[in-house]
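Asker: whatever this is, show me its structure:
(one chain, ligands or ions: 1)
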Amino acid sequence: MSVRVKICGITRVEDALVAAQYGADAIGFVFWRQSARSISPAQAREIVLRLPPFVNVVGVYVDPSPEWVEETSITAGLSLLQFHGEETPEFCNQFKLPYIKALRVRREMDLLQYAELYQNAKGLLLDAYTAGMPGGTGQVFDWSLIPTDFPLPLVLSGGLNSDNVVNAIRQVRPWAVDVSSGVEATKGIKDVNKISAFMQGVKNCEDL
Ligand SMILES: O=C(O)c1ccccc1NCC(=O)[C@H](O)[C@H](O)COP(=O)(O)O
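Answerer: Now for the predicted structure:
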């Protein structure tokens, strides 16, 4: 089965079009103002208007206000929400749009307990833990900490790139992979060759 791909931290229309052209299933916009990849709802809308059909558009948040989630989702025309902060299940469940919950994996965490807690999520995104940085760090975590037979669709992220994505898929067998730093020239600016190599790596896993 093919592994889905989300390319996160899109800030430019040309990068969104390259992501779509190489077969990404989703692009992500970071609606967290402290991020170097932050984008305004109006800029995101301009990009979405230029996208071909059948590419999911995901809004990425860190402890947002409900009003910010509503405003960004409507303006940008999002299909999915992705929460990277300390949002509770009750907070995440209040919106009409489905969500995925991002968790920054640490050895002492019981990931199965989190899966139970966020059972209404469309999936859990597992990312690396770096103190004070809620996401997009380019750091890899120890994939052996992920339980086998994970009960929710698992989105693997954290420091993925064209060199490690095949091993990541072989070892973890995720539903999807999520990449930002690994396909960038600089923060927020994607690199077409890195996107192409990453997508090829994922395609090479189709028969695994
Ligand atoms: O990209 C950011 O700056 C960011 C900031 C705060 C929360 C989430 C953020 N990004 C989310 C992602 O890009 C991915 O879901 C994930 O963290 C993978 O990032 P990377 O390790 O850079 O591939």
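Asker: so which helix or strand takes in the residue nearest in space to the middle of the chain?
Answerer: Residue closest to the average C-alpha location in the chain (Cα atoms, centre = their mean): residue 178, at 4.5 Å. Element membership for residue 178, per DSSP states H and E: strand 176-179.
Asker: who are the packing partners of that strand?
Answerer: strand 4-7, strand 123-128, strand 154-156, helix 165-172 (3 or more Cβ pairs under 8 Å, 6 or more residues apart in numbering; DSSP states H and E). In this view, the C-beta of every residue, glycine as well, is placed from N, C-alpha and C.
Asker: ok, 10 Å please
Answerer: Judged by 3 or more Cβ pairs under 10 Å, 6 or more residues apart in numbering; DSSP states H and E, the packing partners of strand 176-179 are strand 4-7, strand 26-30, strand 99-105, strand 123-128, strand 154-156, helix 165-172, helix 192-203.
Asker: hang on, isn't the residue nearest to the centre of the chain packed against residue 84?
Answerer: No. Judged on Cβ atoms under 10 Å, residue 178 makes no contact with residue 84 at a distance of 11.2 Å.
Asker: joint contacts of these two?
Answerer: Residues touching both residue 178 and residue 84 by Cβ atoms under 10 Å, 6 or more residues apart in numbering: 60, 100, 102, 125, 127, 135, 136.
Asker: check the last one and give its pLDDT.
Answerer: So that's residue 136. pLDDT, residue 136: 91.
Asker: get me the contact residues on the chain for the ligand.
Answerer: Within the chain, the positions near the ligand by Cβ under 6 Å from any ligand atom are 8-9, 30, 32, 35, 37, 60, 62, 84, 125, 127, 134-138, 157-160, 178-182.
Asker: Throw together a ChimeraX command that grabs the buried residues out of those.
Answerer: With 16 or more other Cβ atoms under 10 Å as the criterion, this ChimeraX line picks the buried residues out of these:
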select :8,9,30,32,35,37,60,62,84,125,127,134,135,136,137,138,157,158,159,160,178,179,180,181,182
